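Student: Curious how this folds, go ahead:
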Amino acid sequence: MDHVTAKLVRLVAEHGERWDIEYSKAPAGWAAVERPTPTAVHVLVALDLDELQAKIQRAERLAG
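Tutor: Numbering: from 1, shown residues only. Here you go, the predicted model:
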């Protein structure tokens, strides 16, 4: 398992229940999407998985 795959597996294991995590080729980067209610959508974008993980953790801390 390569470094990126291992990070992705860990990130999905930790946050996959709340967040849909996916990679986009154009523009290149990672996205995490949360739908806390039927009418609300939270979208986080990052260039790498470390940055995405930090943003998810911050969003979850702020949400309480």
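Student: What helices and strands are in contact with the lengthiest strand in the chain?
Tutor: Of all the elements of type strand in the chain, the one with the most residues (DSSP state E) is strand 28-37. Using 3 or more CB pairs under 8 Å, 6 or more residues apart in numbering; DSSP states H and E as the contact definition, the elements that strand 28-37 packs against are strand 19-25, strand 40-46, helix 49-63. Backbone N, C-alpha and C define where each C-beta goes, glycine included.
Student: what does that strand rub up against?
Tutor: For strand 28-37, contacts defined as CB atoms under 8 Å, 6 or more residues apart in numbering pick out 15, 18-24, 41-49, 51-52, 55-56, 59, 63.
Student: Partner strands of it, with direction?
Tutor: Strand 28-37 pairs in its sheet with strand 19-25 (antiparallel), strand 40-46 (antiparallel), by DSSP bridges.
Student: what would those look like in TSV with mean neighbour count, mean pLDDT and distance to Lys7?
Tutor: Converted to TSV, the strands paired with strand 28-37 look like this (neighbours: other CB atoms under 10 Å; pLDDT from 0 to 100; distance: least, CB to CB, whole Å):
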stretch	mean neighbour count	mean pLDDT	distance to Lys7
strand 19-25	13	95	11
strand 40-46	13	97	12
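Student: so what's the residue nearest to Val4 when sequence neighbours are not counted up against?
Tutor: With sequence-adjacent residues excluded and distances taken as CB to CB, 6 or more residues apart in numbering, Val4 is closest to Leu49, at 6.7 Å. When contacts are counted by CB under 8 Å, 6+ apart, Leu49 touches Val4, Lys7, Leu8, Leu11, Trp30.
Student: buried subset of those residues?
Tutor: Of all the contacts of Leu49 considered here, the ones buried according to neighbour count by 16 or more other CB atoms under 10 Å are Lys7, Leu8, Leu11, Trp30.
Student: Narrow those residues to those in strands?
Tutor: Using DSSP E, the members of the buried ones among the contacts of Leu49 that fall in strands are Trp30.
Student: In CSV: the buried ones among the contacts of Leu49, plus distance to Pro36.
Tutor: Output for the buried ones among the contacts of Leu49, formatted as CSV (distance: CB to CB, whole Å):
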residue, distance to Pro36
Lys7, 25
Leu8, 23
Leu11, 19
Trp30, 20
